[in-house]
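K.L.:
Attaching a predicted model along with its sequence, questions to come.
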Amino acid sequence: MLTHRNVTLASVLALLLGLAACGQPATPHGASAPPAAQAAPAPQPAAAPSVADLRGARASSGESEMQTRGFTVARQRGLTAYWLHAPSGSCVRTVTSGGRYTTVDSVPASNCGR
């Protein structure tokens with residue numbers, strides 16, 4: 001009886017070593033192997049933060065807030081400034097009158113030199 005038991009253990013050991021040699025992990029009965037790794041999707045450009053709430057803001061506060069939100073002045077002509085949000089490629093125009101932003105709107109990126 002001892003010989004039969006040794007043969008059975010030897011057979012199981014040979015089977016496990018054979019599976020290991022194949023490079024395939026042994027999975028318990030009923031378990032599924034993990035799915036193959038998939039390539040990560042390409043990152044999407046960041047969306048420009050909303051700036052509509054700056055309409056009517058004091059120009060000095062509005063300028064600071066535009067910078068805080070990631071915009072930089074691309075160009076300026078008089079009291080009209082074009083702000084570029086580089087991560088998204090968005091362009092925003094601000095018009096100042098009476099010390100306040102009277103116009104804050106999105107414009108084509110070409111206005112910011114893109």
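P.N.:
Okay, I see it. Numbers count the residues shown, from 1 in each chain.
K.L.:
Check the burial of residue 111 by counting its neighbours.
P.N.:
Residues lying near residue 111 (other CB atoms under 10 Å) number 17. C-beta: built from backbone N, CA, C; applies to glycine.
K.L.:
Who are the contact partners of it?
P.N.:
Taking CB atoms under 8 Å, 6 or more residues apart in numbering, we find residue 111 in contact with 74-75, 82, 91, 93.
K.L.:
and it, that one's in a strand?
P.N.:
No - counting by DSSP: H, G, I helix; E, B strand; the rest coil, residue 111 is not found in a strand; it is helix.
K.L.:
on that earlier part again, most neighbours among the contacts of residue 111, please name it.
P.N.:
residue 91 (23 neighbours).
K.L.:
where does that residue land in three-state SS?
P.N.:
Here residue 91 is strand, with the state taken from three-state DSSP.
K.L.:
quick one: it and residue 82 touch, right?
P.N.:
Yes - Residue 91 is within contact range of residue 82, at 5.9 Å (criterion: CB atoms under 8 Å).
K.L.:
Just put the contacts of residue 111 in JSON lines and tack on pLDDT and distance to residue 52.
P.N.:
Formatted as JSON lines, the contacts of residue 111 follow (pLDDT from 0 to 100; distance: CB to CB, whole Å):
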{"residue": "74", "pLDDT": "97", "distance to residue 52": "19"}
{"residue": "75", "pLDDT": "96", "distance to residue 52": "21"}
{"residue": "82", "pLDDT": "98", "distance to residue 52": "17"}
{"residue": "91", "pLDDT": "96", "distance to residue 52": "15"}
{"residue": "93", "pLDDT": "97", "distance to residue 52": "13"}
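K.L.:
picking that back up, please identify every residue contacting each of residue 91 and residue 82.
P.N.:
Listed as contacting both residue 91 and residue 82 by CB under 8 Å, 6+ apart are 74, 107, 111-112.
K.L.:
Tell me which two of these sit farthest apart.
P.N.:
Within those, 74 and 107 form the most distant pair, 10.6 Å apart (CB to CB).
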